[in-house]
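Q: here is a sequence with its predicted model. Questions after.
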Amino acid sequence: MTKGALADAVATACEMKKKDVVKALASIAEIATAEVKKAGVFSFPGLFRIKTRKKPATKAGKREVFGKMCVVKAKPARTIVKAFPVAALKKEF
């Protein structure tokens, strides 16, 4: 479902203008981004939870992959963002 289709569906369900719904969706996205940056966790009740975690740096060297020696480049540490469905949503399927 696209952003426009979602805005149409919410606008018809709540008897609002599509323009107002698009503004609300944009503000939710801004709030979620700011909250994830600040706290590392954002929960949208009834739908999902967004979490961040630190992935450690990897050293360069040789590793055995599927029985073969492979040269691996070094990678810096980075922050991974993941979204998890709420338990109530999981039970629906």
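A: Yep, that arrived. Numbers count the residues shown, from 1 in each chain.

Q: mind jotting down where the helices sit in the chain?
A: 3-14, 18-39, 87-91 (DSSP state H).

Q: send over the shortest one as CSV, restricted to the C-alpha atoms.
A: C-alpha atoms of helix 87-91 as CSV (Å, rounded to 0.1, in the frame of the first residue of the first chain):
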residue,chain,number,x,y,z
ALA,A,87,2.7,-9.6,19.7
ALA,A,88,-1.0,-9.0,19.0
LEU,A,89,-0.2,-8.5,15.3
LYS,A,90,1.7,-11.8,15.2
LYS,A,91,-1.2,-13.7,16.7
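
Q: just to revisit the earlier point, make a markdown table out of the helices of the chain and add distance to Ala57 and mean pLDDT.
A: C-beta coordinates here come from the backbone N, C-alpha and C atoms, glycine included. Formatted as a markdown table, these follow (distance: least, C-beta to C-beta, whole Å; pLDDT from 0 to 100):
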| stretch | distance to Ala57 | mean pLDDT |
| --- | --- | --- |
| helix 3-14 | 36 | 93 |
| helix 18-39 | 21 | 94 |
| helix 87-91 | 33 | 88 |
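
Q: dump these into TSV; add mean neighbour count as well.
A: Listed next are the helices of the chain as TSV, based on neighbours: other C-beta atoms under 10 Å:
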stretch	mean neighbour count
helix 3-14	13
helix 18-39	13
helix 87-91	9
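
Q: possible to save those as TSV with distance to Ile80?
A: Listed next are the helices of the chain as TSV, based on distance: least, C-beta to C-beta, whole Å:
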stretch	distance to Ile80
helix 3-14	24
helix 18-39	12
helix 87-91	21
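
Q: of all those helices, which one is nearest Arg53?
A: helix 18-39 (11.5 Å; C-beta to C-beta).

Q: contact partners of that closest one?
A: Applying C-beta atoms under 8 Å, 6 or more residues apart in numbering, the contact partners of helix 18-39 are 3, 6-8, 10-11, 14, 41-42, 44, 50, 52, 81.
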